[in-house]
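[1] Give me a 3D structure for the following:
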Amino acid sequence: MSTILYTHDSCVAHDPGPMHVESPRRLRSILAALDRDEYRDLDRREAPLADEAQLERVHPRRQIDAVLDNIPAAGHQALDPDTIVSPASGEAALRAAGAVIAAADDVISGRADNVFCAVRPPGHHAEPRRAMGFCLFNSVVVAAAHARAVHGLERVAVVDFDVHHGNGTQAAFYDDRDLFYASTHQSPLYPGTGSAIERGIAGNIVNAPLRPGAGSAEFRHAMTEVVLPRLRAFRPELLIVSAGFDAHTADPLAQLNLVTEDYRWVTQGLMEVADECCDGRLVSALEGGYDLDALAASVAIHVSTLMGG
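    This next block holds a predicted model:
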């Protein structure tokens with residue numbers, strides 16, 4: 001397998017403050033895990049900057065300006081109580097979106113079988129007109145819009161296994177029958193969306209909420225019986241994964257009980273659908289995950305699986 005890794009120093013420099021869980025240590029722990037010898041064949045590349053025209057396919061110019069104009073020259077600025085920016089945050093958000101765009105280019109062109117984007121800030125809570133939940137721009141939605149506008153793809157799917165529902169991705173996809181969003185997530189939990197009755201304009205939204213305390217069996221059942229069959233039926237031309245690792249039993253922000261091996265299993269399942277439906281085109285982008293050891297181990301097994309291990 002040919003796997004590309006995108007990241008950038010600015011994504012480490014994005015600093016929401018010393019007490020914030022979405023800290024630079026998250027990405028440092030991931031990159032340290034991926035620096036081991038077994039990952040020597042990763043094609044490592046710097047994440048490019050997204051330009052504002054690419055963002056404007058999803059976010060109105062007024063919203064883009066509202067984010068970038070509030071990046072402070074020093075210190076911190078709160079966009080909402082959870083979403084804090086510092087001097088490097090604007091570039092980091094543009095690099096995060098740029099990574100997922102470049103990843104889509106790579107798999108569509110055949111330069112790579114799949115790509116993992118080790119970037120932050122995360123993106124799946126960012127709605128077209130609102131930054132929230134640690135997220136500034138919705139990188140996976142921007143990449144989906146790019147794939148359609150530039151490469152002429154019609155059907156793009158996002159599958160999200162973060163413990164929190166990706167309200168921003170759902171909002172952007174809701175009224176477009178050629179965009180598919182599926183999510184497993186804890187419910188009830190922030191942001192309060194993601195009910196199974198939220199189905200989109202043409203059944204293109206699939207939510208499989210999991211009760212607090214659910215573990216591997218419930219997660220695997222939701223994927224096997226709900227998400228993957230609907231994904232196959234949609235037959236995407238590109239599969240993008242919102243790869244959050246905070247459903248791990250060690251994570252402090254929620255109460256699901258996945259184990260590291262679950263991330264190998266779900267990655268294999270998603271790769272099988274990508275092979276069946278879209279010539280293996282799969283792009284994965286980091287979302288949540290806040291226990292550093294569990295995050296590093298889970299990302300490592302996810303990337304190892306993408307590489308064919």
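[2] Okay, strands next: where are they in the protein?
    3-7, 43-46, 77-78, 84-85, 114-117, 156-160, 179-186, 205-210, 238-243, 282-286 (DSSP state E).
[3] Contacts for the last one next, please.
    Under the criterion CB atoms under 8 Å, 6 or more residues apart in numbering, residues 27, 30, 96, 99-100, 103-104, 107, 113-120, 122-123, 139-140, 143, 238-244, 267, 270-271, 274, 299, 302, 306 lie in contact with strand 282-286. Placement of C-beta: from N, CA and C, glycine included.
[4] Among those, name the ones in helices.
    27, 30, 96, 99-100, 103-104, 107, 139-140, 143, 267, 270-271, 274, 299, 302, 306 (DSSP state H).
[5] pLDDT weak spots in the protein?
    1 (pLDDT under 70).
[6] center of it, which residue is that?
    Nearest to the geometric centre of the chain sits S242, at 2.7 Å (CA atoms, centre = their mean).
[7] residue contacts, that one?
    Listed by CB under 8 Å, 6+ apart, the contact partners of S242 are 123-124, 140, 158-162, 166, 169, 183, 285, 287.
[8] Look up the residues forming beta bridges with it.
    Counting by DSSP bridges, S242 is bridged to D160, A285.
[9] what distance separates stretch 145-164 from the centre of its chain?
    Centre-to-centre, stretch 145-164 and its host chain are 11 Å apart (CA atoms, centre = their mean, to the nearest Å).
[10] typo on my end, it should be stretch 85-100
    Remark: stretch 85-100 is offset 14 Å from the chain centroid, using CA atoms, centre = their mean.
[11] Report the contact partners of the closest residue to F134 other than its chain neighbours.
    Once flanking residues are discounted, F134 sits nearest to E22: 4.4 Å by CB to CB, 6 or more residues apart in numbering. Contact analysis of E22 by CB under 8 Å, 6+ apart lists 16, 120-122, 134, 288, 290.
[12] Which of those sits closest to N204?
    Nearest to N204 among the contacts of E22 is P122, at 22.6 Å by CB to CB.
[13] Number of residues surrounding the closest one?
    Residues lying near P122 (other CB atoms under 10 Å) number 30.
[14] right, and it touches M132 too?
    No. Counting by CB atoms under 8 Å, P122 stays clear of M132, with 11.1 Å between them.
[15] would JSON lines of the strands of the chain with distance to D262 be doable?
    Below are the strands of the chain laid out as JSON lines (distance: least, CB to CB, whole Å):
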{"stretch": "strand 3-7", "distance to D262": "20"}
{"stretch": "strand 43-46", "distance to D262": "26"}
{"stretch": "strand 77-78", "distance to D262": "34"}
{"stretch": "strand 84-85", "distance to D262": "30"}
{"stretch": "strand 114-117", "distance to D262": "17"}
{"stretch": "strand 156-160", "distance to D262": "14"}
{"stretch": "strand 179-186", "distance to D262": "11"}
{"stretch": "strand 205-210", "distance to D262": "12"}
{"stretch": "strand 238-243", "distance to D262": "12"}
{"stretch": "strand 282-286", "distance to D262": "15"}
